[in-house]
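Novice: next come a sequence and a model predicted from it.
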Amino acid sequence: MFKKKIRFNEQDLSSMLDACKLGDPQAQRCLIRQFAGYAKSISLRYAACFEEAEEIVNDGFLKVFLNLNSYDYAQPFKAWFRVIVINTAIDYYRRNVKWNAQSTGLEDVDVADYSSDILSEISSGEILVLVQSLPPVYRMVFTLFVIDGYSHREIASMLGIQEGTSKSNLRDARRKLQTMIKLNHPHLYQLYNLPNKGLNAN
């Protein structure tokens, strides 16, 4: 027997989610089409390259479809979806990366903290390249804390590390970024690299 086609409205997210719960492939394709860009923007911050980001997005949508029954319609879907993608990125690195900052090759440089103003002078694409160039553990902690707003306590729980380790990894990530900014944007580094204007890692 042919499976009955499920009716849904592409402009009505609730009806689309209902159809996705029932396994409607057309509704699933519509949901992917509507949120793929958002998922990619999140995953790129955690990935080292485009290919890794694609894997995170694909795994993230799979988790979304498997866990839709746990979604509370009273809550914003985008916020729930964002958490799914972030957790998928964390799971990806737990599977593929050893959490060992000692092997990252961080240069032992003596540089002052940079001002947050410097990032406003660099394009989003350039910032993404710098963040993606960070060693995986630094990139994960930096993105979770600075971009997605998690506390060190939350990060420690999410990554299975000590809170102090999260703080030290953030500090080292910022030092690494300083080095890259100094090399790639020396004029901005000189302009904004002022004493006592650095970001506080605590």
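Specialist: Structure's in. What do you need? Residues are numbered from 1 along each chain as shown.
Novice: got a list of contacts for stretch 7-26?
Specialist: By Cβ atoms under 8 Å, 6 or more residues apart in numbering, the surrounding residues in contact with stretch 7-26 are 5-6, 27-28, 30-31, 34, 65, 68-69, 71, 73, 77. All C-beta spots, glycine's among them, are computed from the backbone N, C-alpha and C.
Novice: same check, this time on stretch 152-165
Specialist: Contacts of stretch 152-165 (Cβ under 8 Å, 6+ apart): 87, 90, 94, 99, 140-141, 144-145, 150, 166-167, 169-170, 202.
Novice: rewinding a little: next, format the contacts of stretch 7-26 as a markdown table and append distance to residue 181 and secondary structure.
Specialist: Formatted as a markdown table, those follow (distance: Cβ to Cβ, whole Å; DSSP: H, G, I helix; E, B strand; the rest coil):
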| residue | distance to residue 181 | secondary structure |
| --- | --- | --- |
| 5 | 54 | coil |
| 6 | 51 | coil |
| 27 | 45 | helix |
| 28 | 42 | helix |
| 30 | 41 | helix |
| 31 | 38 | helix |
| 34 | 36 | helix |
| 65 | 40 | helix |
| 68 | 42 | helix |
| 69 | 45 | helix |
| 71 | 40 | coil |
| 73 | 44 | coil |
| 77 | 36 | helix |
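Novice: could you turn the buried ones of the residues you listed into a ChimeraX selection?
Specialist: Written as a ChimeraX command, the selection of buried residues from the contacts of stretch 7-26, which uses 16 or more other Cβ atoms under 10 Å, is:
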select :6,27,28,30,31,68,71,77
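Novice: now go through the contacts of stretch 152-165 and say which are in helices.
Specialist: 87, 90, 94, 140-141, 166-167, 169-170 (DSSP state H).
Novice: domain-wise, how is this structure divided?
Specialist: The chain breaks down into these domains under automatic domain parsing: 13-96, 101-192.
Novice: could I get those in a markdown table, plus columns for mean pLDDT?
Specialist: Conversion of the domains of the chain to a markdown table gives the following (pLDDT from 0 to 100):
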| stretch | mean pLDDT |
| --- | --- |
| domain 13-96 | 94 |
| domain 101-192 | 75 |
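Novice: separation between residue 139 and residue 90?
Specialist: Per Cβ to Cβ, to the nearest Å, residue 139 is found 12 Å from residue 90.
Novice: okay, the two: which has more neighbours?
Specialist: residue 139 (24 against 18; other Cβ atoms under 10 Å).
Novice: that'll do, ta.
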